[in-house]
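J.: Test case, fold it:
(one chain, ligands or ions: 2)
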Amino acid sequence: MIAPSILSADFARLADAADSVSRADWLHVDVMDAHFVPNLTIGLPVVKSLHAATDVPLDCHLMIDDPDRWAPGYAEAGAANVTFHVEAAADPVQTARAIRKAGALAGLSVKPGTPLEPYLEVLREFDTLLVMTVEPGFGGQEFRAEVLPKVRLAREHVRAGHLRLFVEVDGGISADTIEQAAEAGADVFVAGSAVFGADDPAAAVEALRRRARTAMNV
Ligand code: DX5
Ligand code: ZN
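T.: Ligands and ions are numbered 1, 2, ... in the order given. This next block holds a predicted model:
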């Protein structure tokens, strides 16, 4: 699946941005609170309005403190998938259950420096694992291939039947990097600047999809 990140779109024209990638699988919405990350973006009211304005399922990536308190609200607002950071959560399992109860898929995200092994058991309560391939906070950063062993580890656990997860990568995904991520076992690819920085965002989505499929042999 390809999930264009609206962080690289025109925030005054989000509905148009969504329209421009109407064949995308998910629309990735980066929620930042200027505490968990040094940047501030959008919150619940915008997610609600965007949900009403597009048929593309919303993939909310919460880069915020206290996700235990706020994450279920994004599911109630209509997000298809709500991902929060393990580094910020007090009780990831309870929060995942609350997200699912509100009708969304639940996702857990790890920053580049956060290991995966301590969370393999907790991930049984989740639908999505988001492996950050840049330090969260800003678009347009360089892809960090050194985190791909975490993607491989997650994929092995899925293949072995220990986990049932989408394995999503976020940060620096482009035509040059998507194949490495797909070969490592990712199946959801967030791309901000590579999509909304392109002259034709819809064509960029299809080009990324083709490259990922080739690398995954599907
Ligand atoms: C960064 C965000 C990403 C960002 C990716 O903290 O989580 O979703 O939009 O942007 P690119 O694809 O430009 O690296
Ligand atoms: Zn993101």
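J.: And for P149, the neighbour number?
T.: Counted with other Cβ atoms under 10 Å, residues neighbouring P149 total 13. In short, each C-beta sits where N, CA and C put it, glycine included.
J.: In PDB, list the C-alpha atoms belonging to stretch 117-126.
T.: Below are the C-alpha coordinates for stretch 117-126, written out as PDB (Å, rounded to 0.1, in the frame of the first residue of the first chain):
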ATOM      1  CA  GLU A 117      12.500  -6.800  20.600                       C
ATOM      2  CA  PRO A 118      11.000  -5.500  23.800                       C
ATOM      3  CA  TYR A 119       7.700  -4.900  22.100                       C
ATOM      4  CA  LEU A 120       7.200  -8.200  20.100                       C
ATOM      5  CA  GLU A 121       4.700  -9.500  22.700                       C
ATOM      6  CA  VAL A 122       2.800  -6.100  22.900                       C
ATOM      7  CA  LEU A 123       2.500  -6.100  19.100                       C
ATOM      8  CA  ARG A 124       0.100  -9.000  19.200                       C
ATOM      9  CA  GLU A 125      -2.500  -6.300  20.100                       C
ATOM     10  CA  PHE A 126      -1.800  -4.200  17.000                       C
END
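J.: Give me the buried positions along that stretch.
T.: Residues of stretch 117-126 classed as buried by neighbour count (16 or more other Cβ atoms under 10 Å): 119, 123, 125-126.
J.: ditto for stretch 74-84
T.: For stretch 74-84, by 16+ other Cβ under 10 Å, it's 74-84.
J.: can you list those residues in TSV and add distance to ligand 1?
T.: Putting these into TSV (distance: Cβ to the nearest ligand atom, whole Å) gives the following:
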residue	distance to ligand 1
Y74	15
A75	19
E76	22
A77	19
G78	19
A79	15
A80	16
N81	13
V82	14
T83	10
F84	12
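J.: In a markdown table, list the residues you listed along with secondary structure.
T.: Putting the buried residues of stretch 74-84 into a markdown table (DSSP: H, G, I helix; E, B strand; the rest coil) gives the following:
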| residue | secondary structure |
| --- | --- |
| Y74 | helix |
| A75 | helix |
| E76 | helix |
| A77 | coil |
| G78 | coil |
| A79 | coil |
| A80 | coil |
| N81 | strand |
| V82 | strand |
| T83 | strand |
| F84 | strand |
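J.: Just send these back as JSON lines, with pLDDT and distance to G161 too.
T.: Converted to JSON lines, those look like this (pLDDT from 0 to 100; distance: Cβ to Cβ, whole Å):
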{"residue": "Y74", "pLDDT": "98", "distance to G161": "30"}
{"residue": "A75", "pLDDT": "98", "distance to G161": "27"}
{"residue": "E76", "pLDDT": "98", "distance to G161": "32"}
{"residue": "A77", "pLDDT": "98", "distance to G161": "33"}
{"residue": "G78", "pLDDT": "98", "distance to G161": "32"}
{"residue": "A79", "pLDDT": "98", "distance to G161": "28"}
{"residue": "A80", "pLDDT": "99", "distance to G161": "25"}
{"residue": "N81", "pLDDT": "99", "distance to G161": "22"}
{"residue": "V82", "pLDDT": "99", "distance to G161": "25"}
{"residue": "T83", "pLDDT": "99", "distance to G161": "23"}
{"residue": "F84", "pLDDT": "99", "distance to G161": "25"}
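J.: For the one residue in the chain that gets nearest to ligand 1, grab the count of nearby residues.
T.: When distances are taken as Cβ to the nearest ligand atom, the chain reaches nearest to ligand 1 at G192, 2.9 Å away. When counting by other Cβ under 10 Å, one arrives at 25 neighbours for G192.
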